[in-house]
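> Sequence and computational prediction follow.
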Amino acid sequence: MDDETTSEEQRLINLQQARLADEKSAQTQAAAKPESRRFINSGEAIFLLAFTGIVEAIQMVLDFIPFLGLALNAVIAFFVGFVLYIWVKGKIAKGAPKKWQTALFAGAGGSILPFVPGYLGAIIWLILEDRQLLKKAFGKVGEMAQKLSVKL
């Protein structure tokens, strides 16, 4: 019986040593290779960076467009105002009323506002004012021009 007990004890000791050896090798492997806590793999990371980068670039361009429009609008408004100012100065030199220049400046102020055709309004006013001057200067022809401007 002692032989059976000894062999049984020996078998338990061998199993325990094998289990300890397995645990030791598992610990050694764990120490050699640290556990990865990453939830986003490299492919996903590249896709996410590319996707969000493209979207942000598109948004940046779309955010920049109004600034380009604003700058272009300022250049155009200055150019149109300068040309009309020179034209009005020439007309005033030929005898047109000085209030035409005031109308032009009012149109320039209106053109600063969005969706307000300021210069167009000033030119329409000047044309109507000019037709009233025609009425005073040329009698019947001026009256016909005045009636025509009212119909339009």
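Nice, I can see it.
> Do a quick rundown of the helices in this protein.
Along the chain, the stretches classed as helices by DSSP state H are 2-32, 42-93, 99-112, 118-138, 140-151.
> Work out which residue lies at the spatial centre of the chain.
Nearest to the mean C-alpha position of the chain, by C-alpha atoms, centre = their mean, lies Asp63 at 1.0 Å.
> pLDDT wise, what is it at?
Asp63 carries a pLDDT value of 90.
> Leu12 now?
84.
> likewise the one 3 residues further on?
pLDDT for Leu15: 85.
> That one and Arg37, how far apart?
To Arg37, Leu15 is 34 Å away according to C-beta to C-beta, to the nearest Å. Every C-beta, even on glycine, is put in place using the N, C-alpha and C of the backbone.
> who's more crowded, the two?
Using other C-beta atoms under 10 Å as the criterion, Leu15 and Arg37 rank with Leu15 on top: 10 against 5.
> check contacts around Asp130.
Listed by C-beta atoms under 8 Å, 6 or more residues apart in numbering, the contact set of Asp130 reads Ala96.
> State the distance from it to Leu148.
Separation of Asp130 from Leu148 (C-beta to C-beta) stands at 13 Å.
> Same question for Lys89.
Taking C-beta to C-beta as the measure, Lys89 falls 28 Å from Leu148.
> Look at the two and report which has more neighbours.
Set Lys89 next to Leu148 and count neighbours by other C-beta under 10 Å: Lys89 wins out with 14 against 10.
> Which residue is the nearest non-sequential neighbour of that one?
Gln101 (7.5 Å; C-beta to C-beta, 6 or more residues apart in numbering).
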